[in-house]
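# take this sequence and fold it.
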Amino acid sequence: MNIQAFAERCGLTAHTLRYYERIGLLGAVARRDNGHREFGARDVEWVEFLQRLRETGMPIREMLRYAELRHAGDSTLAQRRELLAAHAAALEAALQRQRTHLGIVRRKIAIYDEQIAQAPRRKRA
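Numbering: from 1, shown residues only. Purely as a prediction, here's the structure:
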């Protein structure tokens with residue numbers, strides 16, 4: 001598929017995809033005889049994984065490191081696993097912090113609910 005169709009399929013802009021290609025996240029993108037990019041199913045899977053990494057807060061420099069390791073082949077499996085394990089640990093810590101914050105916000109909401117329920121009702125004119 002061309003870059004526009006690929007962008008729509010992945011939910012990214014063509015500009016973002018070109019940027020990802022320029023910095024090395026996409027690796028070597030296949031080209032047609034006319035020079036236009038040609039994306040396939042494996043490219044979709046890879047970009048969807050990159051999106052997950054990005055949406056979970058992985059910095060671009062770590063995504064680049066992962067992409068470099070991936071491109072280097074199976075000799076980097078342990079390093080890729082280590083990078084993802086560190087990211088998973090950071091995600092778990094962030095989720096725990098968010099759960100704590102959510103609990104505090106919910107307690108504050110409950111306090112307001114009690115105060116609202118106990119407030120005298122005003123007469124309507």
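# give me the low-pLDDT residue ranges for the protein?
122-125 (pLDDT under 70).
# again, only this time at 90
Along the chain, segments meeting pLDDT under 90 span 1, 27-37, 40-41, 119-125.
# ok, Thr76 to Ala41 distance?
23 Å (C-beta to C-beta, to the nearest Å). Just so you know, the C-beta spots here come from the backbone N, C-alpha and C atoms, and that holds for glycine as well.
# neighbour count winner among the two?
Taking Thr76 and Ala41 together and counting by other C-beta atoms under 10 Å, Thr76 has the greater number of neighbours (16 against 9).
# quick check: closest non-adjacent residue to Gln79.
Leu69 (5.2 Å; C-beta to C-beta, 6 or more residues apart in numbering).
# for the helix or strand containing the one you found, packing partners?
Secondary structure assigned from DSSP states H and E places Leu69 in helix 60-72. For helix 60-72, the packing partners by 3 or more C-beta pairs under 8 Å, 6 or more residues apart in numbering; DSSP states H and E come out as helix 41-55, helix 77-118.
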